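> sequence and predicted structure below; questions after.
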Amino acid sequence: MRVVADSHALVRYLVDPERLSEPALEALLEAENTDGVVISAATMTHFGSVPLDDLRDPFDRFILATVAQLGVPLVTADRSISKAGVVEIIW
């Protein structure tokens, strides 16, 4: 399994994993042990497909663009990202 991790999810995973939900922790563990955890580096190819009205934070849009480009789930507790409904969320 391969997932993209939002920054807060990655920090929690590395420093304070008990603060993750069980599905989020399981997804990150499985990804780490198989196909990898991806961190967004501002993928522009799908940036325009993220709805601006629902998600004004440009860094969240970059993260969603990366997830859309890769076609993998995103591990995040960010409600704005979840509300956008653009990608599969694990939390």
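The structure has been received and is ready for your questions.
> mind listing what's buried along stretch 23-31?
24-25, 27-28, 31 (16 or more other CB atoms under 10 Å). (Each C-beta comes from the backbone N, C-alpha and C, glycine too.)
> pLDDT on it, on average?
Across stretch 23-31, the average pLDDT comes to 96.
> next: stretch 77-90.
88.
> ends of it, what's the gap?
End-to-end distance of stretch 77-90: 8 Å, with CA to CA, to the nearest Å as the criterion.
> can you start the count at 54 instead of 1 from here on
Sure, I'll start counting at 54 from here, so that last one is stretch 130-143.
> in that stretch, what counts as buried?
130-131, 134, 137, 139-140, 142-143.
> in those, find the pair that's most separated.
The distance between the two most remote of these (CB to CB) is 16.2 Å, for A130 and V139.
> beta partners of the most centrally placed residue in the chain?
By CA atoms, centre = their mean, the chain has its centre lying nearest to L127, at 3.0 Å. L127 has these beta-bridge partners by DSSP bridges: V57, I142.
> isn't it right next to V56, touching?
Yes - between L127 and V56 there is a contact under CB atoms under 8 Å: 6.8 Å.
> okay, and the common contacts of the two?
Counting by CB atoms under 8 Å, 6 or more residues apart in numbering, the common neighbours of L127 and V56 are I143.
> in this structure, which spans are helices?
Here the chain has its helices, by DSSP state H, at 60-68, 75-86, 111-123, 132-137.
> buried set for the longest one?
I take that to be helix 111-123. Those would be 113-123, for helix 111-123 by 16+ other CB under 10 Å.
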